[in-house]
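*Asks:* got a structure for you, letters missing:
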Ligand SMILES: [Zn+2]
Ligand SMILES: [Zn+2]
């Protein structure tokens, strides 16, 4: 879906996205219909702001215990879309200025909503997939599934070399 700036008013255009043709199905397997809505607001003749929300449920494999689980992804996003006067720039060239805020430069006063939604769906996937905050995972020593069985080697007693990563983990 594309939205022309001329169709957007200062009050904003609210849309519920009820098709998912834009969703990157090859990369992300859905286990429920994706929910998505956006608001497009005019800033001036050369720029609009797109804010939106997306929810989807995907099948993931836990990085710690290797079990499959369903993971709900909730996203908010916010784009400033501006017609770029510099013609050497490619269209849809986006750069991230801060977290959850994207600047999108366009060749003309039309914004490709599908491209934004597709990008967000992919960006929304977590870097690490953990089935639950209480997941104990597999013992690095003996491979025991610590949620279901006891460690046979005593290795789990030692601090994991990866425990420092917990502090670096994002949202
Ligand atoms: Zn797990
Ligand atoms: Zn062990």
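*Replies:* Cool, the structure landed. Bear in mind the structure is a predicted one, so any value in this text is a computation, not a measurement. Ligands and ions are numbered 1, 2, ... in the order given.
*Asks:* and the biggest helix by length in the chain, what does it pack against?
*Replies:* In terms of residue count, the longest helix belonging to the chain (DSSP state H) is helix 113-123. Where contact means 3 or more Cβ pairs under 8 Å, 6 or more residues apart in numbering; DSSP states H and E, helix 113-123 is packed against strand 2-4, strand 35-44, strand 47-61, strand 68-83. In this view, the C-beta of every residue, glycine as well, is placed from N, C-alpha and C.
*Asks:* and of these, who's closest to ligand 1?
*Replies:* Nearest of the helices and strands packed on helix 113-123 to ligand 1, taken as Cβ to the ion: strand 68-83 at 7.0 Å.
*Asks:* got the angle between the closest one and helix 113-123?
*Replies:* Interaxial angle, strand 68-83 versus helix 113-123 (axes from the mean of the first three to the mean of the last three Cα atoms, to 10 degrees): 140 degrees.
*Asks:* list the buried residues for strand 68-83?
*Replies:* Residues of strand 68-83 classed as buried by neighbour count (16 or more other Cβ atoms under 10 Å): 71, 73, 75, 77, 79, 81, 82, 83.
*Asks:* could I get the helices and strands packed on helix 113-123 as TSV with mean pLDDT and distance to residue 132?
*Replies:* Listed next are the helices and strands packed on helix 113-123 as TSV, based on pLDDT from 0 to 100; distance: least, Cβ to Cβ, whole Å:
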stretch	mean pLDDT	distance to residue 132
strand 2-4	95	40
strand 35-44	95	23
strand 47-61	95	12
strand 68-83	94	8
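*Asks:* nearest approach to residue 22 belongs to which of these?
*Replies:* strand 35-44 (9.0 Å; Cβ to Cβ).
*Asks:* are we agreed that residue 33 is in a helix?
*Replies:* No. Under DSSP: H, G, I helix; E, B strand; the rest coil, residue 33 falls outside any helix and is assigned coil.
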